[in-house]
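K.L.:
predicted model and sequence below, questions to follow.
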There are 2 protein chains.
Amino acid sequence: MKATKRKKLEAKGWKVGSVEDFLDLTPEEMAYIELKLSLSNSLKERRAKKKLSQVEVAKIVKTSQSRVAKMEAGDPSVSIDLLVKSLLALGASPKEVAKAIA
Amino acid sequence: MKATKRKKLEAKGWKVGSVEDFLDLTPEEMAYIELKLSLSNSLKERRAKKKLSQVEVAKIVKTSQSRVAKMEAGDPSVSIDLLVKSLLALGASPKEVAKAIA
DNA sequence: TGCCTATATGTCAGATATGACATAAACTAC
DNA sequence: GTAGTTTATGTCATATCTGACATATAGGCA
């Protein structure tokens, strides 16, 4: 099993804000995953608040429904870049992005 | 001239915090560039505070001197991902990353 | 039950980012 | 001056991410 895959699976067993000390993740890797999950959740919340479907968000963000699903799932194949761009496309300000991370 | 190149050049003419309404950049694109420059500056500051050379930072971050230079220059070829990973590798906490963005 | 809409998962070709390298430019200190 | 150190820039093969597509799963609701 590849490391990226394993880490994804590990991370997903945990609820938000609790990707704890787990196996061989370094502190940086943990911080990175937490940060990504925070953005992921922020995206989900934003979509929920606007009552949009993933298909609608995909249109706004200029991507596909499947990628939106992966973004919200914190899939390792999605970059922070894409999450941030998506949040901005949904109307978030840099300040709000920062708030999501912190 | 390619769009990415042009945007980079445009962005570089401005001092921090002032990538203003400029030509055909959409608000999201502007926000994205500002956000990247913020991280870029944060990285520079961190390196300065620690009195490290780019070569030393490259070693810590596991990349090359040239990429560190590009990161600090806000080069369009560097992703937010890499900037964030680098900040974390230099000991920044997610909170500090957020602070840099806001 | 079947039908419809929403979300999740797997895959892949094409696009973009990456580290590494060479080399240039900018600074110091001699 | 020039030798040494640091930072900037250009390029490129490989790695990684991306959108799109197919398909699966889940949740209504008649």
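P.N.:
Thanks, I have the structure now.

K.L.:
buried stuff in stretch A:42-50?
P.N.:
Neighbour-count burial for stretch A:42-50 flags A:42, A:43, A:44, A:46, A:47 (criterion: 16 or more other Cβ atoms under 10 Å in any protein chain shown). In this view, the C-beta of every residue, glycine as well, is placed from N, C-alpha and C.

K.L.:
quick one: is it near chain B?
P.N.:
No - Stretch A:42-50 lies out of reach of chain B by Cβ under 8 Å from any Cβ of the partner chain, never closer than 11.6 Å.

K.L.:
do that stretch and DNA strand D come into contact?
P.N.:
No - shown here: stretch A:42-50 not in contact with DNA strand D (Cβ under 7 Å from any atom of the strand), separated by at least 12.7 Å.

K.L.:
tabulate the CA atom coordinates of that stretch in PDB.
P.N.:
Extracted C-alpha coordinates of stretch A:42-50, given in PDB (Å, rounded to 0.1, in the frame of the first residue of the first chain):
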ATOM      1  CA  SER A  42     -14.700  25.000   5.400                       C
ATOM      2  CA  LEU A  43     -15.700  24.100   1.900                       C
ATOM      3  CA  LYS A  44     -18.400  21.700   3.000                       C
ATOM      4  CA  GLU A  45     -19.800  24.300   5.400                       C
ATOM      5  CA  ARG A  46     -19.900  26.900   2.700                       C
ATOM      6  CA  ARG A  47     -21.700  24.700   0.300                       C
ATOM      7  CA  ALA A  48     -24.200  23.700   3.000                       C
ATOM      8  CA  LYS A  49     -24.900  27.200   3.900                       C
ATOM      9  CA  LYS A  50     -25.600  28.100   0.300                       C
END
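
K.L.:
from the chain's centroid, how far away is that stretch?
P.N.:
Relative to the chain's own centre, stretch A:42-50 is displaced by 12 Å; criterion: Cα atoms, centre = their mean, to the nearest Å.

K.L.:
what sits up against it?
P.N.:
Identification of contacts with stretch A:42-50 by Cβ atoms under 8 Å, 6 or more residues apart in numbering or on different chains yields A:54, A:57, A:71-72, A:83, A:86-87, A:90-92, A:96-97, A:100.

K.L.:
going by distance to residue B:35, which of the residues you listed wins?
P.N.:
Set against residue B:35, the nearest of the contacts of stretch A:42-50 by Cβ to Cβ is residue A:97 (6.9 Å).

K.L.:
mind listing what that closest one touches?
P.N.:
A:39, A:42, A:84, A:87, A:88, B:35, B:101.

K.L.:
just the pLDDT for the fourth one.
P.N.:
The model reports residue A:87 with a pLDDT of 98.
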